[in-house]
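> build me a model:
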Amino acid sequence: MNNSANELEPTIDEYQLIWENTHDAIFILRNDGAIIQANPALTDILGWQLGEVEGEARPPFFMEDFTVEDHQKQLDILRSGRSIANYETQRKHKNGTVKDVLASYRAINKGDLLAVAMYKDITDEKLAKHKLGVAEFCYRALVEHSPDAILVQNEEKLSFANPAAIQLLGAESLHQVIGKSIHDFIEPDDKRQFMEVFHDFEMVKTEPMIEQLVRFDGVKIWVEIIAIPITYDGEVVIQAIIRDITVRKYYEEQLTYMATHDPMTGVVNRSSFIVALDKAIEQANESEETFAVLYIDLDKFKNINDTLGHGVGDELLIQFAKRIGNKIRDRDIVGRVGGDEFLLLLRNIEKGKIKVIVNRMLENSNEPYLIRGNKIHSTSSIGIAMYPIDGKDSAKLIHNADQALYRAKEKRNHFEFYSE
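Numbers count the residues shown, from 1 in each chain. You can find the predicted model right below:
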């Protein structure tokens, strides 16, 4: 992404401002459908406080005609990895009134996290549409003033663009857009796949597309495209509704990152490590490969915390995690269990090679750390469990690696393979 695009990426503080001040309700769903986190807009739109809906597998704002079976079907779609985007529905306000909302669910499926949901209050918009009716003049007025970009493509060329579309594409006038094609703005790497989907009318009716566009000014943005085929006098044209989701996409990625990574060291957290380990086991069953799980612990870490303070201890953990990450391959994964304990997954590796890697890791950890003017010498101990001989599931492998670590710490600055 070019410099202009990088400037669009929000900082953590900006993400927090968006979370707290956006008009759209954003909440995170657990795998059973229960809400575990929500922004203030949920209360603004539906009246419910987080504490009143948190942990409820079926939130109280669902309408009575949205049955338990309907809810389960929706959850199953998300569990399959498919997102549900931009559908109009109704939700019950705490005071008993009914709210029209535009609902979107983005599937995550990371550990116990199922999806990020967004509700946009369209009650006033629905009322306005009802009053305006379906007259062509009113429809054009809505299109012209829509905050979403609306384009019409006829025979591979754009024949209409509303003001929002002109602005979204970075054009200076409608004349600059007319005659172009939507394909002209798609990121080159995604162009072929987009064209295949865009011409499949059955697909464009049902499935929104997330694409990266390159504007006239060269800035790259992420958009959600809903393409609707319309037949008029036997001729099919495509009406595309495009929404800029650049900020939302970075925000969702940040939420996912925060939910799957250790906030201090940046390595994956325990739940994400177990998900990766389960996947490695599944793949190893098919390929008959071996791999190793390493349980790593800093020696005498408590003494450092007690004598130099938790700030120094935290920085030591950060630097230690970086040292581990710098010495592993792209396919390997390091995670923090908690405190000064880490897990490491070494994929497709034999026992002899592990000894070389672990010795190198121990030598690397022996190098002194310079933290806030302190020269700290800290060693580590490592317990190793091999798949499949030391366990065929994640719980057994981690347990046995922990047992091996227990023996290794008796000597310190040492490693041990699991043994019965």
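
> which parts of the stretch 151-300 of the chain are strands?
157-161, 209-214, 220-232, 235-244, 291-298 (DSSP state E, counting those that start in this stretch).

> with mean pLDDT, distance to Glu14 and mean neighbour count as new columns, can those be given to me in TSV?
C-beta coordinates here come from the backbone N, C-alpha and C atoms, glycine included. Below are the strands of the stretch 151-300 of the chain laid out as TSV (pLDDT from 0 to 100; distance: least, CB to CB, whole Å; neighbours: other CB atoms under 10 Å):
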stretch	mean pLDDT	distance to Glu14	mean neighbour count
strand 157-161	89	30	18
strand 209-214	87	21	19
strand 220-232	85	16	17
strand 235-244	86	16	17
strand 291-298	95	35	24
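
> wait, which of the ones you listed is closest to Leu343?
Nearest of the strands of the stretch 151-300 of the chain to Leu343, taken as CB to CB: strand 291-298 at 6.1 Å.

> that older thread, tell me which of the strands of the stretch 151-300 of the chain sits nearest to His310.
strand 291-298 (13.9 Å).

> given the closest one, what are its sheet partners and their directions?
strand 341-346 (antiparallel), strand 380-387 (antiparallel) (DSSP bridges).

> using CSV, list the CA coordinates for the last one.
Extracted in CSV, the C-alpha atoms of strand 380-387 (Å, rounded to 0.1, in the frame of the first residue of the first chain):
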residue,chain,number,x,y,z
SER,A,380,15.6,-20.6,30.2
SER,A,381,14.5,-24.2,30.5
ILE,A,382,12.7,-26.2,27.9
GLY,A,383,10.5,-29.3,28.0
ILE,A,384,9.8,-31.1,24.7
ALA,A,385,7.0,-33.4,23.6
MET,A,386,7.0,-35.1,20.2
TYR,A,387,4.0,-35.9,18.0
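
> would you pull up how far that strand lies from the middle of the chain?
Remark: strand 380-387 is offset 31 Å from the chain centroid, using CA atoms, centre = their mean, to the nearest Å.

> if we can go back for a sec, I'd like the strands of the stretch 151-300 of the chain laid out as JSON lines, including distance to Ile186.
Below are the strands of the stretch 151-300 of the chain laid out as JSON lines (distance: least, CB to CB, whole Å):
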{"stretch": "strand 157-161", "distance to Ile186": "13"}
{"stretch": "strand 209-214", "distance to Ile186": "6"}
{"stretch": "strand 220-232", "distance to Ile186": "9"}
{"stretch": "strand 235-244", "distance to Ile186": "11"}
{"stretch": "strand 291-298", "distance to Ile186": "39"}
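
> if you count neighbours, what's buried in stretch 340-353?
The neighbour-count check on stretch 340-353 (16 or more other CB atoms under 10 Å) flags 340-349 as buried.

> and the helix or strand hosting Leu114, which strands flank it?
Following DSSP states H and E, one finds Leu114 within strand 113-121. Using DSSP bridges, the strands paired with strand 113-121 are strand 25-30 (antiparallel), strand 98-110 (antiparallel).

> which stretches in the stretch 201-350 of the chain count as helices?
With DSSP state H, counting those that start in this stretch as the criterion, the stretch 201-350 of the chain has helices at 201-206, 246-260, 270-287, 301-308, 310-326.
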